[in-house]
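Peer 1: I'd like to go over a predicted model; first the sequence, then the structure.
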Amino acid sequence: MKAAFVGATRGMGKALARRMAERADALFLLGRDAAALTVAARDLEARGARAPVRVGPLDLADSTGFLAALDAADAALGRFDTFVVTGGLFGEQGELASDPARLERLLHANFTGTALLCQLAAARLAGRGGGVVCAFSSVAGDRARPANYLYGASKAGLSAFLDGLGLAYADRDVRVVCVKPGFVRTEMTAGLPVPPFAGEADAVAARALRAMDAGRPVVYAPPIWRLIMALIRALPRPVMRRMKS
Amino acid sequence: MPVRPGRVARPERLRLPPGEGIVLPRGLGRAYGDAAVPAREDALVLATPRADRILDWDPVSGRLTAEAGLSLAEILRLFLPRGWFPPVTPGTKFVTLGGCVACDVHGKNHHCDGSFGGFVERLGLLTADGKEIACGPDLDRELFLATVGGMGLTGLITEVTLRLRPVETGWIAMETEGVANLEQMAAALEASREAWPYTVGWIDCLAAGAGLGRGVLMRGRHATRAEVPAGDPRPRRALGVPLDAPEWLLSPPAMRAFNGLYYWMKAGRRRGAAEPHQSLVSYESFFYPLDMITDWNRLYGRRGFLQFQCVVPRAAGLAAMRELLERIARAGAASFLAVIKDCGPAGPAPLSFPMEGVTLGLDLPYRGPATVTLVHELNAVVIAAGGRIYLAKDAVTRAEDFAHMMPRLPEWRAVRDRWDPAHRFRSAQSVRLFGDRADT
């Protein structure tokens, strides 16, 4: 694969990029923190990514840079065939509810920015024979909960978008993969109470990569979350109202 | 042994929190004793395993620079297929580079290669005042040497530069030899020093009298490509221990039966053989037999065990070893596994454990205060012989005993005090052994 990658410096993105590096994929890293990107590039090269791993600037909350970022990825990789977005923002419900600026940033990055970027990438891939677009959404988007609906809404929008994108571009060989992690132990979730069935970043990455190779449209990780979310979606509204966590 | 969680942070980027709150760096938390247990309930435990980026890799020289949370397991997984091996490895691969430095770990090659610190070229260190400092054998040497074996008490190790060892395969050419007693074991270790980079002995410490010190000697070297089947050894799936073992399994008769059976399988039935048994084994089964059993510690039941490892100088060697083994046998306190190994010369770091002589390591199933008393008695033998114990394994040694064992302790204390006068870096072990306070 020749992948342009948003979010490879941390958490599940780091784990996924490493798995791609170990099978000698070519990677181009996009993100906000130039220093972290450069260190990640050296790490991925040492792990087997096709050298050199180049990097470029991208801010999910600032769409003016998107076209330039895709051009840079095309130039570095000689036309990417895979586009991955694992990056995104997270906030606890209380913090988001009390800080409108932060909420807006989160909604914007997780939905608007990610959707715009994936739309551009899919169009580009469709024009040259197809490829893979993979973005990390969340089980939190499958059903709104009182304790997590702001973050959940950004991911619900993203999941719906990715679903539609996959349908719309299927005939032009663009396979769209929506990864829905359940609770995963990463730095992002540090300090939160750990529910049952919590996953590890590397296991999620392994599942995501298999889904990308197979072009599977939706993948839950750990897999048990498909069942859990099916049950939660079936819960009646009064039960959801009382769900405190 | 205190069970004290502290506040555990597992960041991807290693930084010290602002202010002066006490901090305990922790790698993968495999130390047997209280080295990675926080000094008190609200202390910050900074776990490093998520900070595991490779910062630089030179495939020609094998020089690797990585963040301190990178584990030997990961180094083996990534670099063994390319022909590189850790220069020194302890008996588990689930240790971080930072942990290897902080404990100055040693391995089966200590008699020819020394300990881990000898292969470290550079360390990145966050000191108590939040400064980021690079040190090494040729740069801020005093701080470097105090950090090697310094149990994380001089600062937070953030980066490690070391040289890996080139190897042709992941296979070990191994010879196994049954030995009838302690003298034979010492002689066999001695005789294997020159020709074999890796040696280790297993002792049945329940055998007494003429059979005291009977066991098995294993020696190995990295096999060459020509000697081995095609391909690398397949990684084996670890077995789990789903339950804590029942107490009766740890009773002296059960242990005796287990040890006797093991000895018979490995050595006894071959005792008459003129030639040692030769085999080709994977690096995992040679170096990391316990890693094949996840949660193996549960075999010791709910009460667990104390680990004891000491080294005594060669001059006092056999007599002291005999006394230790006799005391352990008399107490009926021994265990699944007792390991004996000869060490090469001591390294330059003041708190480093290994010294020229013989080391003995074993598990003592915990049977209450009597087990602690036994450790103190064993320590007295070690002190009389001019030896010392290994901090990575220790949970109960008294401060005054440890001071007797480590003549260079004041030197180390002086360096620590210079870089961390308030002892911001602190553990339950440093409270027990170095007089750090637990209350402020």
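Peer 2: Sure, I can see it.

Peer 1: ok, which stretches of chain A are helices?
Peer 2: Chain-ordered helices for chain A, with DSSP state H as the definition, fall at A:11-22, A:34-46, A:66-77, A:93-98, A:100-107, A:114-126, A:149-169, A:201-214, A:224-234, A:237-242.

Peer 1: JSON lines for those, including mean pLDDT and distance to chain B?
Peer 2: Where C-beta positions appear, they are placed from N, C-alpha and C, glycine not excepted. As requested, those are arranged in JSON lines below (pLDDT from 0 to 100; distance: least, C-beta to the nearest C-beta, whole Å):
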{"stretch": "helix A:11-22", "mean pLDDT": "97", "distance to chain B": "7"}
{"stretch": "helix A:34-46", "mean pLDDT": "98", "distance to chain B": "4"}
{"stretch": "helix A:66-77", "mean pLDDT": "98", "distance to chain B": "21"}
{"stretch": "helix A:93-98", "mean pLDDT": "93", "distance to chain B": "19"}
{"stretch": "helix A:100-107", "mean pLDDT": "96", "distance to chain B": "20"}
{"stretch": "helix A:114-126", "mean pLDDT": "98", "distance to chain B": "22"}
{"stretch": "helix A:149-169", "mean pLDDT": "97", "distance to chain B": "20"}
{"stretch": "helix A:201-214", "mean pLDDT": "97", "distance to chain B": "9"}
{"stretch": "helix A:224-234", "mean pLDDT": "94", "distance to chain B": "19"}
{"stretch": "helix A:237-242", "mean pLDDT": "89", "distance to chain B": "31"}
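
Peer 1: Out of those, which is closest to B:W57?
Peer 2: When these are ranked by distance to B:W57, counting by C-beta to C-beta, first place goes to helix A:34-46 at 3.9 Å.

Peer 1: packing partners for that closest one?
Peer 2: Contact partners of helix A:34-46 among helices and strands, from 3 or more C-beta pairs under 8 Å, 6 or more residues apart in numbering or on different chains; DSSP states H and E: helix A:11-22, strand A:26-31, strand A:54-57, strand B:54-58.

Peer 1: thinking again about what came up before, which one of the helices of chain A is the most hemmed in?
Peer 2: Per-stretch averages of neighbours, counted by mean count of other C-beta atoms under 10 Å in any protein chain shown, single out helix A:11-22 among these, with a mean of 24.

Peer 1: next one: stretch B:134-148 to chain centre, how far?
Peer 2: Here stretch B:134-148 shows a centroid-to-chain-centroid distance of 21 Å under the convention C-alpha atoms, centre = their mean, to the nearest Å.

Peer 1: Of all the residues in that stretch, which ones are buried?
Peer 2: Residues of stretch B:134-148 classed as buried by neighbour count (16 or more other C-beta atoms under 10 Å in any protein chain shown): B:C135, B:P137, B:D140, B:L143, B:F144, B:L145, B:A146, B:T147, B:V148.

Peer 1: List just the nearest of those residues to chain A.
Peer 2: Comparing the buried residues of stretch B:134-148 against chain A with C-beta to the nearest C-beta places B:C135 closest, at 20.8 Å.

Peer 1: so the closest one is in which element?
Peer 2: strand B:132-135 (DSSP states H and E).

Peer 1: Which positions in chain B make contact with chain A?
Peer 2: Within chain B, the positions near chain A by C-beta under 8 Å from any C-beta of the partner chain are B:A9, B:R10, B:P11, B:E12, B:R50, B:R53, B:I54, B:L55, B:D56, B:W57, B:L78.

Peer 1: Can you read off the pLDDT for residue 196?
Peer 2: I went with chain A, as the question did not name one. For A:P196, the model assigns a pLDDT of 83.

Peer 1: actually chain B
Peer 2: Reading off the per-residue confidence, B:W196 sits at a pLDDT of 97.

Peer 1: is it fair to say it lies in a helix?
Peer 2: No. Membership of B:W196 in a helix is not supported by DSSP: H, G, I helix; E, B strand; the rest coil, which gives coil.

Peer 1: Please name the nearest non-neighbouring residue to it.
Peer 2: Setting aside the residues directly before and after it, B:W196 is nearest to B:R219 in space (C-beta to C-beta, 6 or more residues apart in numbering or on different chains), at 4.0 Å.

Peer 1: can I get the helices of chain A in CSV with distance to B:L212?
Peer 2: Below are those laid out as CSV (distance: least, C-beta to C-beta, whole Å):
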stretch, distance to B:L212
helix A:11-22, 50
helix A:34-46, 50
helix A:66-77, 67
helix A:93-98, 66
helix A:100-107, 69
helix A:114-126, 70
helix A:149-169, 66
helix A:201-214, 48
helix A:224-234, 54
helix A:237-242, 69
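
Peer 1: Just the helices from the stretch 1-150 of chain B, written as ranges.
Peer 2: With DSSP state H, counting those that start in this stretch applied, the stretch 1-150 of chain B shows helices at B:72-79, B:97-102, B:110-113, B:141-147, listed in chain order.

Peer 1: likewise the stretch 201-350 of chain B?
Peer 2: Residue ranges of the helices in the stretch 201-350 of chain B, as given by DSSP H, counting those that start in this stretch, are B:252-266, B:283-287, B:317-330.

Peer 1: Return the most buried member of those helices.
Peer 2: Comparing those on average neighbours per residue, with mean count of other C-beta under 10 Å, the densest one is helix B:283-287 at a mean of 20.

Peer 1: Not counting sequence-adjacent ones, nearest residue to B:S282?
Peer 2: Nearest in space to B:S282, with sequence neighbours left out and distances taken as C-beta to C-beta, 6+ apart, is B:P233 at 3.3 Å.

Peer 1: OK, contacts around that neighbour?
Peer 2: Counting by C-beta atoms under 8 Å, 6 or more residues apart in numbering or on different chains, B:P233 makes contact with B:G170, B:W171, B:S282, B:Y283, B:E284.

Peer 1: Next, count neighbours for residue 5.
Peer 2: Defaulting to chain A. For A:F5, the number of neighbouring residues by other C-beta atoms under 10 Å in any protein chain shown comes to 30.

Peer 1: that's the wrong chain, I wanted chain B
Peer 2: Count around B:P5 with other C-beta under 10 Å applied: 10.

Peer 1: gap between it and chain A?
Peer 2: Between B:P5 and chain A the distance, using C-beta to the nearest C-beta, to the nearest Å, works out to 14 Å.

Peer 1: quick check: angle from the longest strand along chain A to helix A:224-234?
Peer 2: Counting by DSSP state E, the longest strand found in chain A is strand A:174-181. Strand A:174-181 and helix A:224-234 meet at an angle of 80 degrees, taking axes from the mean of the first three to the mean of the last three C-alpha atoms, to 10 degrees as the criterion.

Peer 1: mind listing what's buried in strand A:174-181?
Peer 2: Of the residues in strand A:174-181, those buried under the neighbour-count criterion (16+ other C-beta under 10 Å) are A:V174, A:R175, A:V176, A:V177, A:C178, A:V179, A:K180, A:P181.

Peer 1: show me what contacts the closest residue to A:F80 other than its chain neighbours?
Peer 2: With C-beta to C-beta, 6+ apart as the measure, A:A4 is the residue that lies nearest to A:F80, at 4.5 Å, once sequence neighbours are left out. For A:A4, the contact set (C-beta under 8 Å, 6+ apart) comprises A:F28, A:L30, A:A69, A:L70, A:A73, A:L77, A:F80, A:T82, A:F83, A:V84, A:A121.
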